[in-house]
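[1] Below are the sequence and a predicted model for it; my questions follow.
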Amino acid sequence: MEIKGMIFHSRKEFVVDHFGEEAWNRVVNALPPEDRELLGEIILTAKWYPFDVGSRLDKAIVGVLGGGNASIFRQIGAASAQTSLTRVHKTFLTPGDPQAFMKKSGIIYKFYYDKGRREYQETGPNSGVVTTYDAETFSEPDCLTVIGWYEEALRMCGAENVVGIEEECRAKGGKVCRYRFQWEI
């Protein structure tokens, strides 16, 4: 499975903005030589890269900056939403209509991952469930990033008191990755 270079950019931007350039260098130096070489090149946001490199980068971020706690990835997801949804993917936003935004989950997924699919099911006027099926690879940090990304995206659409809950995760033995979101308008 492959992921877009935009994911690497959002990780780096978050680390540099919140911890400094030196912290990014420590994270990169914690990676295997082939990953350090890849991340030392110019990463193109629209190019596909191996998911495994992203997974190792996530583990390095958790180890070096997160003190072993992967919850930092909710913050990374939120920062990524701010970046992507105010720039290259701003057309996905639907100010004042969070449900309309959530209904685009399947389309949005294809911009970030090359395998699998994501579906959205509305469960109420201000709630719904996002489920990822058939992804060849998965990780706990990636799921936390997804939750943080959608929470921030919903806020950007005008939702308040947004709560995202992981109901099932393949990295924890589940059959799918499923996230429940609720909000107020």
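    It's in.
[2] CA atoms for contacts and neighbours, from now on please.
    Will do.
[3] Specify the local secondary structure of the closest residue to Ile147 other than its chain neighbours.
    In this structure, Ile147 finds its nearest non-sequential neighbour in Gly164, 5.9 Å apart by Cα to Cα, 6 or more residues apart in numbering. In three-state terms, and counting by DSSP: H, G, I helix; E, B strand; the rest coil, Gly164 is strand.
[4] Would you agree Gly164 is in contact with Tyr179?
    Yes. Counting by Cα atoms under 8 Å, Tyr179 is a contact partner of Gly164 at 6.6 Å.
[5] residue ranges of the strands in the chain, please?
    Ranges of strands in the chain, per DSSP state E, are 2-4, 48-50, 117-124, 127-133, 160-168, 177-184.
[6] who touches the residue nearest to Met156 when sequence neighbours are not counted in this structure?
    Nearest residue to Met156, sequence neighbours excluded (Cα to Cα, 6+ apart): Pro95, at 7.0 Å. Under the criterion of Cα atoms under 8 Å, 6 or more residues apart in numbering, the neighbours of Pro95 are 156-158.
[7] which residues does the spatially closest residue to Ile61 that is not a sequence neighbour contact?
    The shortest distance from Ile61 to any non-neighbouring residue, by Cα to Cα, 6+ apart, is to Val27 (5.8 Å). By Cα under 8 Å, 6+ apart, the residues touching Val27 are 57, 60-61, 64-65.
[8] List the contacts of the helix or strand of the chain with the lowest mean pLDDT.
    Using mean pLDDT, DSSP states H and E, the weakest-scoring helix or strand in the chain turns out to be strand 2-4, at a mean of 84. If you take Cα under 8 Å, 6+ apart as the criterion, strand 2-4 is touched by 45-51, 54, 111-115.
[9] before we move on, back to that, number of nearby residues for the residue nearest to Ile147?
    Per other Cα atoms under 10 Å, the neighbour tally for Gly164 reads 21.
[10] The residue nearest to Met156 and Phe73: what is the separation?
    25 Å (Cα to Cα, to the nearest Å).
[11] By residue count, tell me the biggest helix in the protein.
    helix 140-156 (DSSP state H).
[12] If you count contacts, what does that one end up packed against?
    Helices and strands touching helix 140-156, by 3 or more Cα pairs under 8 Å, 6 or more residues apart in numbering; DSSP states H and E, are helix 51-64, helix 72-84, strand 160-168, strand 177-184.
[13] any idea of the mean pLDDT for it?
    Mean per-residue pLDDT for helix 140-156: 94.
[14] pretty sure Gln75 is in contact with Tyr150, am I right?
    No. If you go by Cα under 8 Å, Gln75 and Tyr150 don't touch, sitting 11.2 Å apart.
[15] higher neighbour count, those two?
    Between Gln75 and Tyr150, counting by other Cα under 10 Å, Tyr150 is the more crowded of the two (25 against 17).
[16] May I ask which two of the contacts of Val27 are separated the most?
    Leu57 and Leu65 (11.5 Å; Cα to Cα).
[17] Lovely, talk soon.
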